[in-house]
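Engineer: Predicted coordinates and the sequence they were generated for:
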Amino acid sequence: MARAAGPERRLLAIYTGGTIGMRSERGVLVPGKGLAAVLRTLPMFHDGAHAQARGLPEDTLVLPPACPDQRVVYTVLECQPLFDSSDMTITEWVQIAQTIERHYGQYHGFVVIHGTDTMAFAASVLSFMLENLQKTVILTGAQVPIHALWNDGRENLLGALLLAGQYVIPEVCLFFQKQLFRGNRVTKVDTRRFAAFCSPNLPPLATVGADVTINRELVRRVRGQGRLVVNSSMERDVGLLRLYPGIPATLVRVFLQPPLKGVVMETFGSGNGPTKPDLLRELRVAAERGLIIVNCTHCLQGAVTSDYGTGTALAGAGTISGSDMTSEAALAKLSYVLGLPGLSLDGRKELLARDLRGEMTPPAADALRPSLRGSTLGRGVAQLLSLSQEADDVREALAPSLACAAAHAGDLEALQALAELGGDLSLEDFGGQTPLHSAARGGQAGVVAMLLQRGLDVNARDKDGLSPLLLAVRGRHQGVIGLLRAAGACLSPQELEDSGTELCRLASRADCEGLRAWWQAGADLRQPGYDGCSALHVAEAAGNLEVAALLQSLQGGPGDQALGPYPGLHSSSSGSAAWCLT
Ligand SMILES: NC(=O)C[C@H](N)C(=O)O
């Protein structure tokens, strides 16, 4: 974390709605359009003379100077429609994350103007969706509209803009009433007071008074150079169940039914609950069915412990500890972890037990990562994870090779752990291979799907010029070839030209599987070899009728049957028309 350098700091302010811009209509507050126009009239939010002298575009606002040699310049993107945050869901938060992703290169930081009612949920969800964040993202809003005479909106928004403009705090934060909190640690605690939020288990990252005080030791460090990844495939079938004295087991049973995949259970005190056998049985049955139940305390402060028999009984029924997470953070984390492709149930539970974005105080190291201890590779990753922050250089040097090894072995858990560590899964190992090459060579379809979803270059070449597709063809990994082709992989002109000789060799060996793999990758089976003969010539000359028949049936043209969107890869963009930024 550092004070940001440079004479001009550009910010994007994404206005989603909330009280800050609301107007009264027929006696009730509703979202109001035109926040940028209001800000333009307020001297604390816009220095018109400077904007004119600089020739800044019409839609760009500039703050008066906070320090002599730096200006914070910002653009307000107004969402359409605007929301009372009570109406917001993961769909809208995914769109905010994607907006940040689209504009990530153009701006130094981001402010999200949001209603306060669900701001703690929004901040938690965004913190998990935005992986490898290297820029400041601050959510803010108000209890009273900004155009009212006495309001908190001006101070909150100005503070958020100044902090995001002047400091690099690479986290999703929430700024309210002079305090900058880690977004996934907050909860709304007051319906009217300006101090609407608190962060019960983590002190503020910064406080603003006459001076700005940054709690440097609390701010998360950027790990690795990985590019921003937006995890938009969040699981929506998650729920929140608050226990109360005497809650009937039948009610719990109904709540835990499919399609629910994960539930945050708010319990008493330090994670305790009723130990009635019928209730424990319902929990056990659901957990055995694969439902993940995270135990969070309904107390504002403190953590789930194993101090009481009534708490360990819940653990015995298959619930997992949410430590000191807020329910908002636990729900968001559950949605994130369940949305990750290809992980085993144990792998998901392990991620839930681990501190991923600073959302929990890390549990004791020996309680962590049981499944990572299962293999040599997993042990290596577990050791890397436990290295102190000073060992970042070592970690960065080893991560690409470990990622390739994990991809080749199909070890999704180890890969996910590396990604969580800030490891850039698109980095090459010493041979120039990315984990996608290794997974393709190893025929690991699950890993290939996961890496493609993270946007790895499908046509990357290693130091020998080999692509993942060619490696999958050589290994005859049909599932992988299909995934790569659907994501846009194609053989290069040189590979297509060289394929003729290889096809002839396969035909001479009657290797039907190999021929099919080339066809599936888009090769033209009529391509002649070095001597001008095609694979069909070779098969006929050898009298191999089965191979000849196969070639005749396939050689109508390259195998394009796999082309078309790979389900899941592009799904996140669907529905964006329903909510867009103007
Ligand atoms: N203070 C606020 O912003 C409350 C409003 N109902 C909202 O969440 O949008």
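Structural biologist: Happy to help now that I have it. Numbers count the residues shown, from 1 in each chain.

Engineer: Could you use CA atoms for every contact and neighbour count after this?
Structural biologist: Noted.

Engineer: What is the top helix by length along the chain packed up against?
Structural biologist: Ordering each helix of the chain by length in residues (DSSP state H) puts helix 392-409 first. Judged by 3 or more CA pairs under 8 Å, 6 or more residues apart in numbering; DSSP states H and E, the packing partners of helix 392-409 are helix 376-386, helix 412-420, helix 435-442.

Engineer: which stretches of this structure have low pLDDT?
Structural biologist: By pLDDT under 70, the low-scoring segments of the chain are 1-2, 5-6, 224-225, 363-393, 395, 422, 556-582.

Engineer: how about the residues of it near the ligand?
Structural biologist: Listed as neighbours of the ligand in the chain under the rule CA under 6 Å from any ligand atom: 18-19, 84-86, 115-118, 142-143.

Engineer: Which residue is the nearest non-sequential neighbour of the residue of the stretch 301-450 of the chain found nearest the ligand?
Structural biologist: Going by CA to the nearest ligand atom, the ligand is nearest to residue 328 of the stretch 301-450 of the chain, at 15.0 Å. Closest residue in space to residue 328, ignoring its immediate chain neighbours: residue 121 at 5.1 Å, by CA to CA, 6 or more residues apart in numbering.

Engineer: any chance you could map the strands in the stretch 251-400 of the chain?
Structural biologist: 262-267, 292-297, 320-321 (DSSP state E, counting those that start in this stretch).

Engineer: hmm, who's touching the longest helix of the chain?
Structural biologist: With contact meaning CA atoms under 8 Å, 6 or more residues apart in numbering, helix 392-409 is reached by 223-224, 377, 381, 384, 387, 412, 414-415, 418, 423-425, 427-430, 433-444, 447.

Engineer: returning to what we had before: surely the residue of the stretch 301-450 of the chain closest to the ligand and residue 117 touch.
Structural biologist: No: Residue 328 lies out of contact with residue 117 (CA atoms under 8 Å); the separation is 11.9 Å.

Engineer: Neighbours of the closest residue to residue 334 other than its chain neighbours, how many?
Structural biologist: Residue nearest to residue 334 in three dimensions, not counting chain neighbours: residue 262, with 6.5 Å by CA to CA, 6+ apart. Residue 262: 26 surrounding residues under other CA atoms under 10 Å.

Engineer: and if you look at residue 122?
Structural biologist: Applying other CA under 10 Å, we find 30 other residues in the vicinity of residue 122.

Engineer: what does residue 4 give?
Structural biologist: Neighbour tally, residue 4, other CA under 10 Å: 17.

Engineer: Residue 222 too?
Structural biologist: Residue 222: 17 neighbours (other CA under 10 Å).

Engineer: show me the contacts for it.
Structural biologist: Per CA under 8 Å, 6+ apart, neighbours of residue 222: 132-134, 170, 422.

Engineer: residue boundaries of the helices in the stretch 51-200 of the chain?
Structural biologist: 90-102, 119-129, 153-166 (DSSP state H, counting those that start in this stretch).

Engineer: Nearest to residue 500, out of these?
Structural biologist: helix 90-102 (42.2 Å; CA to CA).

Engineer: other SSEs contacting that closest one?
Structural biologist: Against helix 90-102 (3+ CA pairs under 8 Å, 6+ apart) you get helix 119-129, strand 229-230.

Engineer: Can you say which of these is packed in most?
Structural biologist: Comparing these by mean neighbour count (mean count of other CA atoms under 10 Å), helix 119-129 comes out on top with a mean of 28.

Engineer: now that one against helix 90-102, angle please.
Structural biologist: Counting by axes from the mean of the first three to the mean of the last three CA atoms, to 10 degrees, helix 119-129 lies at 50 degrees to helix 90-102.

Engineer: Pull the residues that contact helix 119-129.
Structural biologist: If you take CA under 8 Å, 6+ apart as the criterion, helix 119-129 is touched by 85, 90, 93-94, 97, 139, 171-174, 183-188, 229-232, 234, 328-329, 332-333, 336, 357.

Engineer: Hmm, residue 340 and residue 446 touching each other?
Structural biologist: No: at 11.3 Å, residue 446 does not count as touching residue 340 under the criterion of CA under 8 Å.
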